[in-house]
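Undergrad: this one's structure only:
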């Protein structure tokens, strides 16, 4: 991304919501490990990861909220969200707790439970290899995205990007180091890591899917980044770690069949359950002050 | 979060507070004298120092149980992370639970300086032999429980823990200093969360807070342990500079400090006998149900089985991950040796 | 580490030293378990420096540290025990010593 023509633009609210939803949903998933990690030290590491992500989500939602409150057209679009308003104004909590599943714009990859393919209401044990592999694939992307967003024409987004980049690089090294330990560890860990990779990689195809209106709007005013241009770099990071981890990429290229569309509001069966739990208390007390 | 004082029998401690029962050889007699002198001078015993076996064992038990309490303590609060009603509260809660994991780590680390290992300590916890603070054997039933745990449970813990910062055993004292710094933060946040609900919240939120207080108050009073008359171990703990203040004294301090805090909040503490006694200069309070306390400590509380089973499960299910990391490290080592050769 | 580690069931113990942003030297903070040095560094960052930036971390395997005690307690310690812990867990210890 070259020097933007205009350095004082506003990123589109929908673009910010996409980035925020990614962070919140993954932060919510990773926090599920609190108290259940494989060793106390990892409990701490995963809690840190979750805190970073929820922190990023908050900054992005707050920025989106102030843009929505300042813009009549956006205000109209979000009028139906009445919960957690302060003096009639939309807040970060309004956006996080009172939007329905179809209004969320996170990548499907991030809402998946910590296990292999199962329907929305099936139960299964959590598998740490799914958690780490997903964190790796997502952090590899976001390290590239945040780096470029540091020169976003939206100064607030640029600031958020700079802070998030530091955190994301740490998440990337934590998850890639672990993927290597698992892939090149025991027979069991290798099989689990390979299974996790085979399950999750196809969801990454969504990163490169054209027709992402929010991203296109952001690109148009210099506030966003063209993610498909990051594909080669992402592949390089991923392939390097997978090679060290002695893991194989089994995703068919070119991709065949369904591409996940969570970022367009069409999710897996899992997001509904995640949000039902996450939002339940706030929605039970829409006028509650916390 | 804190340690709970039990009157668990220690075979080697005499009731008069003097040290070990076994006769010492001449060299150890001299070491015992030196040890006693250090304690009497409020000095520190460090990992390299000679210490009576009973002192070492008592500390291993107390520190590891304190560590177990922190770890088990993550569960009742962790129960509300996914449903925290605002992003700010979610963040605060995750950070708090994370701090508890960290406290567990500092304490396991301190205990390991005394000749036990993490695996051995966990085996003690998972087998049910080791105890953890019984306050965590109760369920967290509404969101306000989170704030009440911060205000009352952490409040009680702080009272127990601050004296431990002056404990005679160096690594434990230093771990406690670190813990106490973070702990007061937790109590303030818990209280502040309740204050917001009581002062600016809906009637339902206020009812939530009162309900949480009703269920938690008496359990917190019991956290300070049985009355001094029923705590034979206290004397030995005091002699060794491990225990600094008596159970009843701490409990009274806690009640006196908490009553005005409850008034500011606008909640009623569920004790009809709670009243200021001008003559004593303290609050009188009612009878604690020690039968219920002991039944719970001994495994028959509402959540004992679930807490333990959850920790056992996390440990067992994590075995393949821990094994993988070790296997990888071993492979790396072999590769490095091959290259060096 | 130059010698081969025996097959361990438990991740080895590491001592952690941290120099804070404004600090002059590394201070001993405590210990943690990790499977290798890189892992130990990452863990130390999470466990002991969660709230700080610009810190420097050292991790050292506990069993490679040699200690001395140069004060009036000289006459009271066993000169053979030059490890940092009197009761080290990274050696084989009899069950009765280890149990609580």
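TA: Everything's here; your move. Since this is a predicted model, take the numbers as computed values, not measurements. Numbers count the residues shown, from 1 in each chain, chains lettered A, B, ... in the order given.
Undergrad: what sits closest to residue A:218 if chain neighbours are left out?
TA: residue A:224 (2.5 Å; C-beta to C-beta, 6 or more residues apart in numbering or on different chains). Placement of C-beta: from N, CA and C, glycine included.
Undergrad: ok, now which ones touch the one you found?
TA: By C-beta atoms under 8 Å, 6 or more residues apart in numbering or on different chains, the contact set of residue A:224 is A:11-12, A:15, A:149, A:152, A:215, A:217-218.
Undergrad: closest one of the residues you listed to chain C?
TA: For the contacts of residue A:224, the closest approach to chain C (C-beta to the nearest C-beta) belongs to residue A:149, at 20.7 Å.
Undergrad: let's verify the closest residue to that closest one other than its chain neighbours: helix, strand, or coil?
TA: Nearest residue to residue A:149 in three dimensions, chain neighbours excluded: residue A:161, at 3.6 Å (C-beta to C-beta, 6+ apart). Under DSSP: H, G, I helix; E, B strand; the rest coil, residue A:161 falls in the helix class.
Undergrad: any idea of the mean pLDDT in the helix or strand hosting residue B:217?
TA: Residue B:217 is part of helix B:203-222, with elements assigned from DSSP states H and E. The pLDDT scores in helix B:203-222 average 98.
Undergrad: contact partners of that helix?
TA: Counting by C-beta under 8 Å, 6+ apart, A:285, A:288-289, B:134-135, B:138, B:141-145, B:147-149, B:152-153, B:155-156, B:194, B:197-198, B:201, B:251, B:254-255, B:262, B:265-271, B:285, B:288-290, B:293 sit against helix B:203-222.
Undergrad: can you list which of those residues are found in helices?
TA: Among these, the ones falling in helices (DSSP state H) are B:144-145, B:147-148, B:155-156, B:194, B:197-198, B:251, B:254-255, B:262, B:265, B:290, B:293.
Undergrad: and those residues, which two are the farthest apart?
TA: B:197 and B:290 (32.0 Å; C-beta to C-beta).
Undergrad: settle it for me: which of those two has more neighbours?
TA: Using other C-beta atoms under 10 Å in any protein chain shown, the more surrounded residue of residue B:197 and residue B:290 is residue B:197, with 23 against 13.
Undergrad: for that one, which residues are in contact?
TA: A:288-290, B:144, B:147, B:205-206, B:208-209.
Undergrad: tell me the buried residues within those residues.
TA: The neighbour count (16 or more other C-beta atoms under 10 Å in any protein chain shown) marks A:288, A:290, B:144, B:147, B:205-206, B:208-209 as buried among these.
Undergrad: mind listing the helices for the chain?
TA: As the question left the chain open, I've gone with chain A. Counting by DSSP H, chain A has helices at residues A:13-31, A:40-70, A:72-77, A:92-97, A:108-111, A:128-149, A:155-183, A:187-204, A:213-220, A:231-244, A:270-284.
Undergrad: sorry, should have said chain C
TA: All helices of chain C, identified by DSSP H, fall at C:37-48, C:95-98.
Undergrad: just to revisit the earlier point, distance of the residue nearest to residue A:149 from chain C?
TA: From residue A:161 across to chain C, the span is 17 Å (C-beta to the nearest C-beta, to the nearest Å).
Undergrad: and residue A:250, backbone torsions?
TA: Backbone torsions of residue A:250, given as degrees, to the nearest 10, read phi -110, psi 20.
Undergrad: burial of it, as a residue count?
TA: Using other C-beta under 10 Å, residue A:250 is surrounded by 10 other residues.
Undergrad: got the contact list for it?
TA: So residue A:250 contacts A:197-198, A:201 (C-beta under 8 Å, 6+ apart).
Undergrad: how about stretch A:170-179, does it get close to chain C?
TA: Yes: using C-beta under 8 Å from any C-beta of the partner chain, stretch A:170-179 reaches chain C at A:170, A:173-174, A:177.
Undergrad: turn these into a markdown table, columns for neighbour count and pLDDT.
TA: Below are the residues of stretch A:170-179 next to chain C laid out as a markdown table (neighbours: other C-beta atoms under 10 Å in any protein chain shown; pLDDT from 0 to 100):
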| residue | neighbour count | pLDDT |
| --- | --- | --- |
| A:170 | 19 | 93 |
| A:173 | 15 | 94 |
| A:174 | 24 | 94 |
| A:177 | 21 | 96 |
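Undergrad: any chance of these in CSV, with distance to residue B:221 too?
TA: As requested, the residues of stretch A:170-179 next to chain C are arranged in CSV below (distance: C-beta to C-beta, whole Å):
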residue, distance to residue B:221
A:170, 43
A:173, 47
A:174, 42
A:177, 47
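Undergrad: buried set for stretch B:140-147?
TA: For stretch B:140-147, the neighbour count (16+ other C-beta under 10 Å) marks B:140, B:142-147 as buried.
Undergrad: which one of those is nearest to residue A:85?
TA: Scanning those for proximity to residue A:85, where the rule is C-beta to C-beta, the winner is residue B:143, at 19.9 Å.
Undergrad: would you confirm that that closest one contacts residue B:80?
TA: Yes: assessed by C-beta atoms under 8 Å, residue B:143 is found in contact with residue B:80 at 6.1 Å.
Undergrad: and the gap between whatever residue of the stretch 201-341 of chain B ends up closest to chain C and chain A?
TA: The nearest approach of the stretch 201-341 of chain B to chain C comes at residue B:325, 3.5 Å away (C-beta to the nearest C-beta). Distance, residue B:325 to chain A, using C-beta to the nearest C-beta: 5 Å.
Undergrad: what's the closest non-adjacent residue to that residue?
TA: Per C-beta to C-beta, 6+ apart, closest to residue B:325 is residue C:35, 3.5 Å.
Undergrad: what about the one you found, neighbour count?
TA: Look at residue C:35: counted by other C-beta under 10 Å, it has 26 neighbours.
Undergrad: and what of residue C:47?
TA: Residue C:47 has 25 neighbouring residues, counting by other C-beta under 10 Å.
Undergrad: which residues are in contact with it?
TA: By C-beta under 8 Å, 6+ apart, the residues touching residue C:47 are A:41, A:44, B:102, B:105, C:16, C:30, C:32.
Undergrad: mind running it again at 10 Å?
TA: By C-beta atoms under 10 Å, 6 or more residues apart in numbering or on different chains, the residues touching residue C:47 are A:40-41, A:44-45, A:48, B:98, B:101-102, B:105-106, B:109, C:16, C:29-32, C:34.
Undergrad: ok, now which ones touch the residue in the stretch 151-300 of chain B that chain A sits nearest to?
TA: Residue nearest to chain A within the stretch 151-300 of chain B: residue B:200 (4.4 Å; C-beta to the nearest C-beta). For residue B:200, the residues meeting the contact criterion (C-beta under 10 Å, 6+ apart) are A:288-290.
Undergrad: before we move on, what about residue A:271?
TA: A:21, A:25, A:101-102, A:104, A:106, A:108, A:110-112, A:120, A:262, A:278.
Undergrad: tell me the pLDDT of it.
TA: 98.
Undergrad: cool, and residue B:339?
TA: 87.
Undergrad: ok but it is inside a helix, no?
TA: Yes: using three-state DSSP, the assignment for residue B:339 is a helix.
Undergrad: any regions of the chain where pLDDT drops low?
TA: No chain specified, so I'll use chain A. Chain A contains residues with pLDDT under 70 at A:1-6.
Undergrad: nope, chain C please
TA: C:1-9, C:51-54, C:69-100.
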